[in-house]
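Peer 1: got a predicted structure here, sequence first:
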Amino acid sequence: MEIRKLQEIWKDHFNSSGEQLKKMAEVNGLISAFNANIDAVIKISGEKIEKIIDEFGLNPDHLIQDNEQSIRSVEDAIRGLIRCFRGGFAEEWLIEEKEVFEWLNKNIGYDKLQMGGQGGIVANVMATCEVGNVYVHTASSPKEQSGLFQDLPNLQNVDLNGELKKAYEIDRHEDIPLIHWIIEFDKNDKLNIGGENIVCPKSNRFIATYDPLNFSLTIDQAFHKKMSEPTKTFEYIILSGYQMLKEKLNDGRTGTERIDESILAVNEWLKNNPDSLLHFEIASTRDKVVRKYLVDKLAPKADSVGFNERELIDILEVIGEEELAGKCDKETSSSNLFEGMLKVFEYTGCSRMQLHMFGLYITLQKKGFRVTPIQNRNGMQLAANIAATKAGTGAIDSHEILLWSKDKDVSEVGLNELTALSEKVSELFGNNDLCEKGIFTDENIEIIAVPTIIIDKPITLVGMGDTISSISLVAAR
Ligand code: GLC
């Protein structure tokens, strides 16, 4: 079918977004844990990168090497940035040395500070969507960070006395600020390095993180105690923040121990709310031991798992699917990625998983999962609308702005990916009308796919995945 026709059909489907948004206000409790931090966001140009290389005499040969993805020197930081710029990738690397963090602070600076960390971002989005009682966990809550939460009464955290209070007003004054550098770059921007001309294929961002508390998944005991109280009720728990863990932590503990401790905490919360839906956002987890442990231990426990295309490839790499990972890496198409999802689905046994890739969201779930296919599709459509609003306006900080993108068409890129997915599904499972309906079911599985609205010149991209995953799930009602 021609693109225009399909766009009309999808515009019709997307009409439900206003209704879905209203339904989010019926949710009366949600926990967002574990990571919140301050994001120092800066948009950087190829020209500026060249200048930095020049000014600080960085060795171009070191900057283009495909080495370990962690930051021990300034060159490592710029190397990561160039890698993402060249591939149009989104990656996060951890800064091991405080001096590098201080160097970035002094020499790169930032355009603005905003709430960061999956946990913090999800909490803000959920509160803005008027979910009742959003409880947000923070490892640290100095005033500077709390002030980046939405100033809303339904967004709560624990104060110094362990009591729930508006998150925006909390001042745990002895806590330290945790700052991450978000370096965004634009599609088609150019960078000349060592005689080679690099053209950035896709707007994206590179994150350089220095965050001693979240590096060890510090769990605030006062928050834990509150969420374990029998009177606390909630319908969703959204987990993230594991991606910064490493096999061996600087304090002698191990990443896997920290994961185990978090699972024990979540089990306590679930005791009084056993029907709560547990979602886990895997994010860009560099350490392979940690990544594997998350896939083996946490994913099977979760009702739902979320990832983007890179993160899916990363998962494939640690479950013995290196070949398929390589194929997805080479050609990051919906059909290859869908094959990857099937492998992860089988490996983890998780009931629901969602991929958010450029242009398309795909949910794969067990037949009869308690969120129906149509509820999923409606939730994903609202997610696509709000994600486009975020990209197009730069912030989703008021309820009124959330549906800013509601009259925009779904993208051609997305429809092409959807067509490719539909062909792959035909090949594997039989005929389907995914292109028009976005839903396919058989006796074992349910596939829901939604093409997204693409904003040509996005003002911001950071936190997009967190926004998409959480809205897709919580608005799926
Ligand atoms: C990671 C980064 C954080 C950013 C978030 C967005 O958690 O550490 O800085 O806000 O990703 O998804």
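Peer 2: In hand now; what should we look at?

Peer 1: now stretch 344-352: average pLDDT?
Peer 2: Mean pLDDT, computed over stretch 344-352, is 98.

Peer 1: got the contact list for it?
Peer 2: For stretch 344-352, contacts defined as C-beta atoms under 8 Å, 6 or more residues apart in numbering pick out 295, 299-300, 302-305, 312, 315-316, 319, 353, 363-366, 369, 371, 445. Placement of C-beta: from N, CA and C, glycine included.

Peer 1: do that again at 7 Å, thanks
Peer 2: Contact partners of stretch 344-352, identified using C-beta atoms under 7 Å, 6 or more residues apart in numbering, comprise 295, 299-300, 302-305, 312, 315, 319, 353, 363-366, 369.

Peer 1: next one: stretch 420-434
Peer 2: For stretch 420-434, the external contacting residues (C-beta under 7 Å, 6+ apart) are 333-335, 338, 362, 418, 435, 440, 442, 447, 449.

Peer 1: just the buried ones from these?
Peer 2: 333-335, 338, 362, 418, 435, 440, 447, 449 (16 or more other C-beta atoms under 10 Å).

Peer 1: residues of the stretch 201-350 of the chain that sit close to the ligand?
Peer 2: By C-beta under 6 Å from any ligand atom, the residues of the stretch 201-350 of the chain that approach the ligand are 207, 209.

Peer 1: how about the strands in the stretch 201-350 of the chain?
Peer 2: For the stretch 201-350 of the chain, the strands defined by DSSP state E, counting those that start in this stretch cover 204-210, 236-239, 277-281, 304-308.

Peer 1: report the buried members of the contacts of stretch 344-352.
Peer 2: Listed as buried from those are 295, 299, 302-305, 312, 315, 319, 353, 363-365, 369; burial here means 16+ other C-beta under 10 Å.

Peer 1: looking at the residues you listed, which is nearest Ile108?
Peer 2: Closest to Ile108 out of the buried ones among the contacts of stretch 344-352 is Leu312 (30.3 Å), distances taken as C-beta to C-beta.

Peer 1: mind checking which of the buried ones among the contacts of stretch 420-434 land in helices?
Peer 2: Mapping the buried ones among the contacts of stretch 420-434 onto helices (DSSP state H) picks out 334-335, 338, 418, 435.

Peer 1: re earlier: give me the subset of the buried ones among the contacts of stretch 344-352 that lies in helices.
Peer 2: Per DSSP H, those map to helices at 312, 315.

Peer 1: of all the strands of the stretch 201-350 of the chain, which one is nearest His13?
Peer 2: With C-beta to C-beta as the criterion, His13 lies closest to strand 304-308 of the strands of the stretch 201-350 of the chain, at 21.3 Å.

Peer 1: so what strands line up beside the closest one?
Peer 2: Here strand 304-308 is paired, per DSSP bridges, with strand 277-281 (parallel), strand 352-357 (parallel).

Peer 1: the nearest residue to Lys246 once chain neighbours are set aside: neighbour count?
Peer 2: On the basis of C-beta to C-beta, 6 or more residues apart in numbering, the spatially nearest residue to Lys246 that is not a chain neighbour turns out to be Asp287, at 4.6 Å. Asp287: 20 surrounding residues under other C-beta atoms under 10 Å.

Peer 1: and Asp287, what does it touch?
Peer 2: Residues near Asp287 by C-beta under 7 Å, 6+ apart: 245-247, 255.

Peer 1: next, the angle from the helix ranked longest in the chain to strand 352-357.
Peer 2: Of all segments of type helix in the chain, defined using DSSP H, the longest is helix 373-393. In terms of direction (axes from the mean of the first three to the mean of the last three C-alpha atoms, to 10 degrees), helix 373-393 departs from strand 352-357 by 30 degrees.

Peer 1: helix 373-393 packs against which elements?
Peer 2: Where contact means 3 or more C-beta pairs under 7 Å, 6 or more residues apart in numbering; DSSP states H and E, helix 373-393 is packed against helix 3-14, helix 17-24, strand 360-366, strand 439-441, strand 445-451, helix 464-474.

Peer 1: which one of those lies closest to the ligand?
Peer 2: Comparison of these against the ligand by C-beta to the nearest ligand atom identifies helix 464-474 as nearest, at 4.8 Å.

Peer 1: gap between whichever residue of the stretch 351-477 of the chain sits closest to the ligand and Gly88?
Peer 2: Nearest residue of the stretch 351-477 of the chain to the ligand: Gly463, at 4.3 Å (C-beta to the nearest ligand atom). Remark: distance between Gly463 and Gly88 (C-beta to C-beta, to the nearest Å) = 18 Å.

Peer 1: ditto for Ser335
Peer 2: Remark: distance between Ser335 and Gly88 (C-beta to C-beta) = 20 Å.

Peer 1: again, but for Phe149
Peer 2: Using C-beta to C-beta, we find Phe149 at a distance of 31 Å from Gly88.

Peer 1: next: Thr332.
Peer 2: Thr332 sits 10 Å away from Gly88, taking C-beta to C-beta as the criterion.

Peer 1: and for Asn188?
Peer 2: For Asn188, the distance to Gly88 equals 10 Å [C-beta to C-beta].

Peer 1: what does Ile82 give?
Peer 2: Distance of Ile82 to Gly88, given as C-beta to C-beta: 12 Å.

Peer 1: quick one: which of these two has more around it?
Peer 2: Legend: neighbour count by other C-beta under 10 Å for Ile82 and Gly88, higher for Ile82 (21 against 15).

Peer 1: quick one on the thing from earlier: which residue sits closest to the residue of the stretch 351-477 of the chain closest to the ligand, ignoring its sequence neighbours?
Peer 2: Leaving aside its sequence neighbours, Gly463 sits nearest to Ile121 (C-beta to C-beta, 6+ apart; 4.1 Å).

Peer 1: let me see the confidence value for that neighbour.
Peer 2: On pLDDT, Ile121 comes in at 98.

Peer 1: also the one 4 residues further on?
Peer 2: Among the per-residue scores, Val125 holds a pLDDT of 98.
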